[in-house]
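> sequence? don't have it. structure:
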């Protein structure tokens with residue numbers, strides 16, 4: 001993603017998917033690049049799902065080392081120049097990042113499944129809907145001219161980082177709620193921005209589908225985590241109200 005990395009940091013053109021039906025104002029070569037990006041994004045999500053399963057089943061335990069793995073592979077990927085000779089190595093780094101991220105998400109998913117299993121499925125569905133709607137809004141737009149939102153999004157991302165740092169010492173539920181909902185809006189905005197940036201770069205000749213899929217992956221995972229936390233919070237509040245009513 002073109003935003004900060006911390007929680008923010010061959011297909012044929014004649015594919016079975018009829019992109020023309022979406023009325024995208026994109027050339028065939030750009031459509032081919034978009035397919036490559038989303039195909040690789042799907043692979044990354046599948047690898048992350050495997051990592052989460054390995055953690056939840058106890059085969060491989062995520063933790064500090066998986067977080068270090070996330071940062072290490074992401075930094076190594078960012079520092080490796082995109083050229084044909086490095087493509088396989090960059091793929092390994094990117095997929096290692098996705099696997100480490102899945103392992104890191106394992107404890108959150110395990111807790112959610114234990115407390116309220118329905119929240120995980122609802123969060124997945126909600127995340128897919130948010131991502132699909134915001135992505136399609138860009139891909140099918142007659143023009144893509146909101147790249148100026150980068151300054152606004154960067155400012156909001158810095159505000160989130162500041163709130164997170166402040167809340168380490170304050171421990172305020174109100175600040176935590178602001179972080180959740182503001183973060184959800186910020187990363188939804190980044191989906192729009194990064195999708196537009198992907199197309200703009202591709203039109204200028206940059207066809208680095210690995211980097212573009214990584215940027216969208218970070219956005220998507222950030223949205224999923226926040227949606228899941230919001231649903232867990234609401235489920236916990238609902239259970240608390242029910243317990244209080246029973247005591248009365």
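Structure's in. What do you need? Remember, predicted model here, so these are calculated numbers, not experimental data.

> longest single helix anywhere in the chain?
helix 209-247 (DSSP state H).

> tell me what that helix is packed against?
Applying 3 or more CB pairs under 8 Å, 6 or more residues apart in numbering; DSSP states H and E, we find helix 209-247 packed against helix 28-56, helix 64-79, helix 87-115, helix 118-139, helix 173-203. Quick note: C-beta positions are derived from backbone N, CA and C, even for glycine.

> Touching the fourth one from outside, list them.
Looking back up the chat, that one is helix 118-139. For helix 118-139, contacts defined as CB atoms under 8 Å, 6 or more residues apart in numbering pick out 22, 24, 26, 34, 109, 112-113, 144, 188, 191-192, 195-196, 199, 216, 219-220, 223-224, 227-228, 231-232, 235.

> Please pull out the lowest mean pLDDT helix or strand from the protein.
The helix or strand of the chain with the poorest confidence is helix 150-170; it has a mean of 78 (mean pLDDT, DSSP states H and E).

> ok and it relative to helix 173-203, angle-wise?
Put simply, helix 150-170 runs at 150 degrees to helix 173-203, going by axes from the mean of the first three to the mean of the last three CA atoms, to 10 degrees.

> buried stuff in helix 150-170?
For helix 150-170, a neighbour-count test (16 or more other CB atoms under 10 Å) marks 150, 153, 154, 156, 157, 160, 163, 167 as buried.

> Going by distance to residue 207, which of the residues you listed wins?
residue 150 (21.3 Å; CB to CB).

> residue ranges with poor pLDDT in this structure?
1-24, 141-148, 150-151, 245, 247-248 (pLDDT under 70).

> at 50 instead, please
Along the chain, the parts satisfying pLDDT under 50 run over 1-22.

> Not counting sequence-adjacent ones, nearest residue to the residue nearest the centre of it?
Centroid-nearest residue in the chain: residue 220, 2.2 Å away (criterion: CA atoms, centre = their mean). Spatial nearest neighbour of residue 220, chain neighbours left out: residue 131 (5.3 Å); criterion: CB to CB, 6 or more residues apart in numbering.

> again, but for residue 127
Closest to residue 127 by CB to CB, 6+ apart is residue 224, at 4.2 Å.

> any idea how far that neighbour is from residue 232?
Using CB to CB, to the nearest Å, residue 224 is found at 12 Å from residue 232.
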